[in-house]
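Visitor: the following block contains a protein sequence and its predicted model.
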Amino acid sequence: MSFASFDSNEDQFINEINMTPFVDVMLVLLIIFMITVPVLKHAVEIDLPQASSKAKDHQLEVLSLSVDRNGQYMLDQQSLDEVGLSNELQEIVKSKPRTVLHIYGDKKVEYDHVARAMSIAHAAGIEKVGFVTTPREK
């Protein structure tokens, strides 16, 4: 029991809860949980079924399209005009839909010829087109 003061003759109680033991207990519990939680295993034990299948081979077909300074198209060493290029790309995409086109453009070629080649490739269904350059010498 707590009393108001030792000097007074009154037997009056203090109506407050002593928080010190409560805080001590909570700190001890916090430390216990901080130590034990990382030790607990957070995984569920399951027995997975086994399958014997191979992964599919998703090889990409890479085509090389060269555009020289005169605007001539060379698809894998085969000289083509715009109509022939369109027909050839459409045939390739029908047989191999995951086709990638690498464009090798001469420095002096007009942009219009490269833009037409990109447009023809897009119309044929080729989704991935890359430009091939050589790195600069330092």
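Guide: Received it, and whenever you're ready, just let me know what you need.
Visitor: and Asn18, helix, strand or coil?
Guide: coil (DSSP: H, G, I helix; E, B strand; the rest coil).
Visitor: again with His102
Guide: Counting by three-state DSSP, the backbone at His102 sits in strand.
Visitor: cool, Gln59 as well?
Guide: Going by three-state DSSP: Gln59 is coil.
Visitor: for the chain, what are the low-confidence residue spans?
Guide: Flagging of the chain using pLDDT under 70 yields the residue ranges 1-11, 41-49, 51-58, 135-138.
Visitor: assumed Asn87 was part of a strand.
Guide: No - counting by three-state DSSP, Asn87 is located in no strand; its state is helix.
Visitor: show me what contacts it?
Guide: Contact analysis of Asn87 by C-beta atoms under 8 Å, 6 or more residues apart in numbering lists nothing. All C-beta spots, glycine's among them, are computed from the backbone N, C-alpha and C.
Visitor: what about 10 Å?
Guide: Contacts for Asn87 were tallied using C-beta atoms under 10 Å, 6 or more residues apart in numbering; they are Leu80, Ile120, Ala124.
Visitor: count of neighbours near Glu127?
Guide: Neighbours of Glu127 under the rule other C-beta atoms under 10 Å: 12.
Visitor: actually Ile103, not the one I wrote
Guide: Here the count is done by other C-beta under 10 Å, and Ile103 has 18 residues near it.
Visitor: correct me, but it touches Leu65?
Guide: Yes - here Ile103 lies in contact with Leu65, judged by C-beta atoms under 10 Å, at a distance of 5.1 Å.
Visitor: shared neighbours of the two, anything?
Guide: Common contacts of Ile103 and Leu65 (C-beta under 10 Å, 6+ apart): Tyr73, Val114, Ala117, Met118, Ala121, Val129, Val132.
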